[in-house]
Structure formats: structure tokens, C-alpha cells
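>>> Give the three-dimensional model of this entry:
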Amino acid sequence: MDTVYILKKKLKICIFEKKAVSLQVKSMFMKKVCFLLLAICACVGCTDFKQSRRNGVIAEYHGETITQVEIDALTANLSAEDSVRVAEQYIRQWATNLLVWEEARSLNNKEIEKKVADYQRSLCLHEWEQRVVRQKMPQHVEDSMILAFYENNQSHFILRDPILKGLILIIPNGAPNMDKLRKYVTDPAKEENIEWIEKYAYQYATGYELFLEDWKTSDQLLQRIPIDKITFHKQLKQTKQIEIQDSINTYVLQVIDVYHAGDYKPLDYARSDIEKMLLSQRQVEFLRNMREELYHDAVQQGNLKIYEK
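Next up, the predicted model:
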């Protein structure tokens, strides 16, 4: 199909797409679109988009151009018909963006420049603060400070869901020595027990995780075992060993330590949050002092002068 015909046909659709714009602005805008796309049509002509053109430029508007290289990259693996369609859409979008930008430039430049300047200043201040904090503010938090904060603010460290330590094994149904496994997992801290468990897991388990030192949330474990949340939380209060079976696997969860919803978070679990809180408080105070120091230095050096009324 003739390229110019396609572009003109698409142009008719474009004219009716701006219903939200006032009639006067719409008329001026669409005249520009028509002029630009018709100019492009003249440039494109009736030949294929892939045909070489003068200086490799196939569309131009006030110094902005689309080159043959851009169109070739867009249409490299397309059929002739699809190449025309894709190229036309690309040119139309390019033209429309230029014209919208031309209209937008009529806005109050001083207001835009002020917003840009305000944003630049805010960004520079933020970067300066981050750099000063990294270079000059101590990052270590003493254990005594963490403990004191924990003891004085325990109401901030109440669990919404259980956390626990232990181990979990996922064993295919029919695996041998399940009774022995149940016995050994009750005390995985014993060296001989953990050695036996790990050998068994290596031989039979499709999933195995030992988390005696790290706390796991109940939600993390619910992603691995087929049980609903309410039932799981109830069982955590009733037993240290939870065993669930489906049509494929048996899931064995041994709980070594557990804190329930409503309990205070243990210190080792809350520690990282406390460190972040204390460092945040320290940063606020540090930056306030830095600002005060800069202010006083400027006054003392005579760089900042404040005249009394």
C-alpha cells in the first residue's frame, strides 16, 4: 500500500484524538501536525522506507531529524507491510512529541527554572549530607547503647507474628528410618545428632535447612510447608515438633526456640533495627551540629553579616 496514503489515513485519525483540548489550541496544534506529517510524506515519497535518502535523513523539523539508520534498526526483521506501519508510527510519535514540547515551552520559563534550581539545591544538599555522614560520623554503636535503648523502649519491639529457630526437612513419603529421624531432630545441637541428620538429609531429603542461630518468621516457613497460618500458629504453641504430610512429602519442623505474636522481640532479633534507629538519631544530631558550626564560622570570619534593625 502507498506510504503517503497510509500516513494521510493515519493523520485523519490523529485529528480526532485531541477532544480534551480547547478548539482554538486544538486547531493550531493539529495544523502543525498536518504540516509536519505532510512534509514527512513529501520526504518519504512513494518509495520503500529502506531506500537511501539524501544525507540519510528521512524526516526533519526545526533541526531535529530522524535518520534512515533509526528506521532500518526498527524495521530490520519486518515484512514490507509491517515496516511501513512501524516506521509511520515511530515518525508520528516523534513528530507529536516535538510539537507538544514546542507548546510546552510557552510556559513561564522563570517558574520552571526556579523549580529546577530548587530541585538541584535539594539534591546537592542531600548529597553533601550523605557524604559528610559517611566521612565524619562514627558508624559504630556500642552494645551498652543498644541494650539501654532496648530496655527503655520495649513497647516498640512487640512481635506481630511468631519467630523461631530450629530445622526443617522435606522427606518423600516412604523414606526409611522416619522414627529415628524424629528422635534425632529433637536435639540437633548435639554433634552426633546433627551429623546423622545431615547424612540422612543428603540421602533422602528434597529440602533441608538448619537455622539454629538465625530467626525465621512464621511467614518464611509457611512458604515451605502446606499448612494454613492460623493452624500453624496454634501448633507452635502446643508442640516443638510439627509434622505434616501431603500426597508427596512429609514435612518435619523441629522448633528449638520460639517467640509468639505479642511477645517482645528478643534482643538479638531486634538488634539491627535498634542500630538503625540509633544511627538515625545520631545523624540528625550530627547534621544539626554541622549546620550550627558552619553558621558560627561564617559569622566569626565575617563572611556572614547580619544587620540589626
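
>>> Run the chain-centre distance for the top helix by length along the chain.
Ranked by residue count and defined by DSSP state H, the top helix of the chain is helix 267-300. Distance, stretch centre to chain centre, for helix 267-300: 27 Å (CA atoms, centre = their mean, to the nearest Å).

>>> Any buried residues in it, and which?
Burial within helix 267-300, assessed by neighbour count using 16 or more other CB atoms under 10 Å, is assigned to 269-271, 274-275, 277-279, 282-283, 286, 290. C-beta coordinates here come from the backbone N, C-alpha and C atoms, glycine included.

>>> Equivalent analysis for stretch 143-150, please.
146, 149-150.

>>> what comes into contact with it?
157, 267, 270-271, 274-275, 277-278 (CB atoms under 8 Å, 6 or more residues apart in numbering).

>>> can you list the weak-confidence ranges in the stretch 51-200 of the chain?
For the stretch 51-200 of the chain, the stretches with pLDDT under 70 are 51-55.

>>> List of residues touching the helix or strand harbouring Asp179?
Per DSSP states H and E, Asp179 falls inside helix 178-184. The contact list for helix 178-184, computed with CB under 8 Å, 6+ apart, reads 169, 171, 193, 196-197, 200, 241, 243, 250, 252.

>>> all strands for this structure, in order.
Assigned by DSSP state E, the chain shows strands spanning 57-61, 64-67, 163-172, 207-217, 241-245, 249-259.

>>> now those strands as JSON lines including mean neighbour count and distance to Asp187?
JSON lines is the format used below for the strands of the chain (neighbours: other CB atoms under 10 Å; distance: least, CB to CB, whole Å):
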{"stretch": "strand 57-61", "mean neighbour count": "18", "distance to Asp187": "77"}
{"stretch": "strand 64-67", "mean neighbour count": "16", "distance to Asp187": "74"}
{"stretch": "strand 163-172", "mean neighbour count": "20", "distance to Asp187": "11"}
{"stretch": "strand 207-217", "mean neighbour count": "15", "distance to Asp187": "11"}
{"stretch": "strand 241-245", "mean neighbour count": "15", "distance to Asp187": "11"}
{"stretch": "strand 249-259", "mean neighbour count": "19", "distance to Asp187": "9"}
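
>>> Among those, which comes closest to Tyr295?
When those are compared by CB to CB, strand 207-217 sits nearest Tyr295, at 45.6 Å.

>>> what angle do the closest one and strand 249-259 make?
Here the directions of strand 207-217 and strand 249-259 differ by 30 degrees (axes from the mean of the first three to the mean of the last three CA atoms, to 10 degrees).

>>> Just checking: what are the partner strands of strand 207-217?
When pairing is defined by DSSP bridges, strand 207-217 lines up against strand 163-172 (antiparallel).

>>> Which residue, other than its chain neighbours, is closest to Ala201?
The shortest distance from Ala201 to any non-neighbouring residue, by CB to CB, 6 or more residues apart in numbering, is to Tyr208 (3.9 Å).

>>> and the one you found, bridged to which residues?
Going by DSSP bridges, Tyr208 forms beta bridges with Leu169.

>>> What separation do you get for Phe286 and Gln220?
36 Å (CB to CB, to the nearest Å).

>>> Give me the domain ranges for the protein.
3-104, 120-156+269-309, 159-259 (automatic domain parsing).

>>> Save the ones you listed as JSON lines, and put in distance to Lys114 too.
Shown next, in JSON lines, are the domains of the chain (distance: least, CB to CB, whole Å):
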{"stretch": "domain 3-104", "distance to Lys114": "16"}
{"stretch": "domain 120-156+269-309", "distance to Lys114": "10"}
{"stretch": "domain 159-259", "distance to Lys114": "45"}
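
>>> For Ile112, find the nearest of those domains.
Nearest of the domains of the chain (CB to CB): domain 3-104, 9.3 Å.

>>> which residues touch the residue nearest to Ala201?
167-170, 198, 201.

>>> Can you pick out the most distant pair from those residues?
Farthest pair in the contacts of Tyr208, by CB to CB: Ile170 and Glu198, 14.4 Å.

>>> related to what we said a few turns ago, going by distance to Asp118, which of the contacts of Tyr208 wins?
Of the contacts of Tyr208, the one sitting nearest to Asp118 (CB to CB) turns out to be Ile168, at 53.5 Å.

>>> how much space between Tyr202 and Tyr208?
In terms of CB to CB, Tyr202 sits 8 Å off from Tyr208.

>>> That'll do, ta.
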